[in-house]
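Engineer: coordinates for the following, if possible.
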Amino acid sequence: QVRIVESGGCLVQPGGSLRLSCAASGGFFSVYTMGWYRQAPGSQRELVATITRNGATNYADSAKGRFTISRDSTHNTSTVSLEMNSLKPEDTAVYYCNFIRGNTNNNYWGQGIQVTVSS
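Structural biologist: Numbering: from 1, shown residues only. Take a look at the predicted model:
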């Protein structure tokens with residue numbers, strides 16, 4: 001059974017840093033492309049960053065130079081993390097992790113975690 005658990009969201013001041021983590025188990029997630037998306041109130045969900053099984057990364061323009069995505073896999077669990085620095089109020093959103101495997105219907109989402117950047 002697939003299980004995905006996000007952690008790390010909270011309230012942080014502008015200019016601060018935060019690390020989000022998302023752990024997936026119950027599947028062969030080491031071969032999946034992993035990513036982070038976010039959705040602010042009244043807006044559509046948007047890409048933040050993705051990382052392939054080979055470590056190739058892709059960032060939204062708003063994330064470049066401030067955010068770093070990384071991944072790790074053990075025998076039973078795969079984890080994708082997002083290190084966020086120099087946070088801005090416009091980074092406030094619900095952040096979702098995603099695991100997707102090309103050429104399949106395997107597409108899994110985390111439950112979403114709130115990040116609020118405010119003084």
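
Engineer: ok, and the closest non-adjacent residue to Asp72?
Structural biologist: Thr79 (5.0 Å; C-beta to C-beta, 6 or more residues apart in numbering). Placement of C-beta: from N, CA and C, glycine included.

Engineer: residue closest to the middle of the chain?
Structural biologist: Residue closest to the average C-alpha location in the chain (C-alpha atoms, centre = their mean): Trp36, at 2.7 Å.

Engineer: circling back: which strands or helices does the helix or strand harbouring the residue nearest to Asp72 pack on?
Structural biologist: Element membership for Thr79, per DSSP states H and E: strand 77-84. Judged by 3 or more C-beta pairs under 8 Å, 6 or more residues apart in numbering; DSSP states H and E, strand 77-84 is in contact with strand 18-25, strand 33-39, strand 46-51, strand 67-73, strand 93-100.

Engineer: Cys10: which of those is closest?
Structural biologist: strand 18-25 (6.9 Å; C-beta to C-beta).

Engineer: can you give me the offset of that closest one from its chain's centre?
Structural biologist: Distance of strand 18-25 from its chain centroid, counting by C-alpha atoms, centre = their mean, to the nearest Å, is 7 Å.

Engineer: with stretch 44-60 instead?
Structural biologist: 8 Å.

Engineer: any idea how far apart the tips of that stretch sit?
Structural biologist: 14 Å (C-alpha to C-alpha, to the nearest Å).

Engineer: related to what we said a few turns ago, partners of the residue nearest to the centre of the chain in the sheet?
Structural biologist: Note on Trp36: beta-bridge partners by DSSP bridges are Ala49, Cys97.

Engineer: please consider this matter closed, and thank you.
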